[in-house]
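Asks: Could you look at this predicted model? Sequence included:
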Amino acid sequence: MSPRYIHIQDVAPRDGLQIEPRQIATHEKIELINALSHAGVPKIETTSFVSPRAVPSMADAEAVLTGIDRVPGVEYAALVPNARGAERALACELDELNLVMSASRTHSQANLRMAPEDSLSEFAKIAAVVRDRVPLNVSISTAFGCPFEGRIAAADVFSLLDRIAALGMERVTLCDTTGVANPAQVFSMSQSVRQRWPSLRLTLHFHDTRGMGLANVLAGIAAGVDRFDASLAGLGGCPFAPGASGNVCSEDVVHMLHEMGFTTGIDLAALLRQAQAMPALVSHDVAGQVAKAGPANRRYPLPATDQSSASCNPP
C-alpha cells in the first residue's frame, strides 16, 4: 500500500511576512516563493489583496505574483478580504482565494471590524464577483479558542459551517489562531466536521504558541484530515490576537511526517536550506527546530579521544 499523502500549504509569504517589523523587499518575497515552489511545496499562500494603507507590507501583491515562477503542480493562493480585493486578485491568475472570518465575535471586531454575520455577507459579495472562476476557501479564525472569550463552542463553529456551505463554498480551514487547541479537541472537532460535511475540503491551521502544534497535526491526521497549513521557519502570528506566536513550522511538520512514513512530495533538504536562510531575511532568530538540530538521520563524526586520558566510566 502506498504511503498516505499529506498536503502542506506554506503560508510564510503572506501570514509569516505580514507582521514582520522589517519591510521585506518584493524581490525577496519572490525568491522565497520560488524557493518553496522548487522545493515541491504543493500550495503556497503568496500574498494578500488588502488595502495598502491597512497593511503596507502587502502593497506589492500584483508585483509579487507577476514576478514569481509558476511551477507546474504548485497551487498559488492569496488572501482576499473583500470584493475589491477579489477584483484585484482575479487579474493575477491565482488557483485559490482565501477568505477570512472569525468564530469569535470579539476577535472579529478587533481583527476585521465587523461581526461574523457581516463577514458572511461580504463572502456572498465576493462570490458574486468571482462567479466560480477561482475556488474560494474560508478560513475561520479562533475556531478552537479566542484570547478574549476563551473556548469557542463547537456548535458555534458548526453553525458557521452550515452557512458557509449554504453559500456554495466547498473549502474551509479551521484555525487555532492563538495556539490554545489540544489534540483531543482537534480530533473531536475534525471528526465531527468530516462526518457532518463530507463534501467540504477541510484544512487545519495551527500555531505552536504552547508547544502543541505537531501533536495537533497528528490528532488531525488521526481524524482523517490530510491538509494542513504551516509556515517556513515557524513565522507568523496575529497582531489582533494577544499571545499568538508563529505558525506550526513547515520543515518540522514535513520532517515528522517523513519520519513516520507519510509522504508530502516536498524535498526536505531544500526546505531546510531555505529555513536556515530565514533569520538573515527577517533579522531575528526563528522557531524551527530541525533547521537547527538537523534531521533525525544526521550523523556526527566520532570525536577524537586522548588514549592517555582517564576513562569517564567509574572505576
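Replies: Arrived safely, thanks for sending. Residues are numbered from 1 along each chain as shown.

Asks: Could you give the secondary structure assignment for the residue lying closest to Pro295 once chain neighbours are set aside?
Replies: Residue nearest to Pro295 in three dimensions, not counting chain neighbours: His255, with 5.7 Å by C-beta to C-beta, 6 or more residues apart in numbering. The way it works is simple: take the backbone N, C-alpha and C, and place the C-beta from them, glycine included. Assigned with DSSP: H, G, I helix; E, B strand; the rest coil, His255 falls in the helix class.

Asks: Please give the element, helix or strand, for Glu93.
Replies: Following DSSP states H and E, one finds Glu93 outside all helices and strands.

Asks: Please verify my assumption that Val157 contacts Ser102.
Replies: No: using C-beta atoms under 8 Å, Val157 is not in contact with Ser102, being 10.7 Å away.

Asks: Need the overlap of contacts for these two.
Replies: Ile140 (C-beta atoms under 8 Å, 6 or more residues apart in numbering).

Asks: Between these two, point out the one with more neighbours.
Replies: Per other C-beta atoms under 10 Å, whichever of Val157 and Ser102 has more neighbours is Ser102, with 28 against 19.

Asks: Which residues does the more buried one form beta bridges with?
Replies: Ser141 (DSSP bridges).

Asks: State the distance from it to Pro3.
Replies: According to C-beta to C-beta, to the nearest Å, Ser102 stands 36 Å off from Pro3.

Asks: all strands of this structure, in order?
Replies: Under the criterion DSSP state E, the chain contains strands at 7-10, 43-48, 75-79, 96-102, 136-141, 171-176, 201-206, 227-230.

Asks: Same list, those strands, but as JSON lines with distance to Gly261 and mean pLDDT please.
Replies: Listed next are those as JSON lines, based on distance: least, C-beta to C-beta, whole Å; pLDDT from 0 to 100:
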{"stretch": "strand 7-10", "distance to Gly261": "16", "mean pLDDT": "98"}
{"stretch": "strand 43-48", "distance to Gly261": "22", "mean pLDDT": "98"}
{"stretch": "strand 75-79", "distance to Gly261": "25", "mean pLDDT": "98"}
{"stretch": "strand 96-102", "distance to Gly261": "29", "mean pLDDT": "94"}
{"stretch": "strand 136-141", "distance to Gly261": "28", "mean pLDDT": "96"}
{"stretch": "strand 171-176", "distance to Gly261": "25", "mean pLDDT": "97"}
{"stretch": "strand 201-206", "distance to Gly261": "20", "mean pLDDT": "98"}
{"stretch": "strand 227-230", "distance to Gly261": "17", "mean pLDDT": "98"}
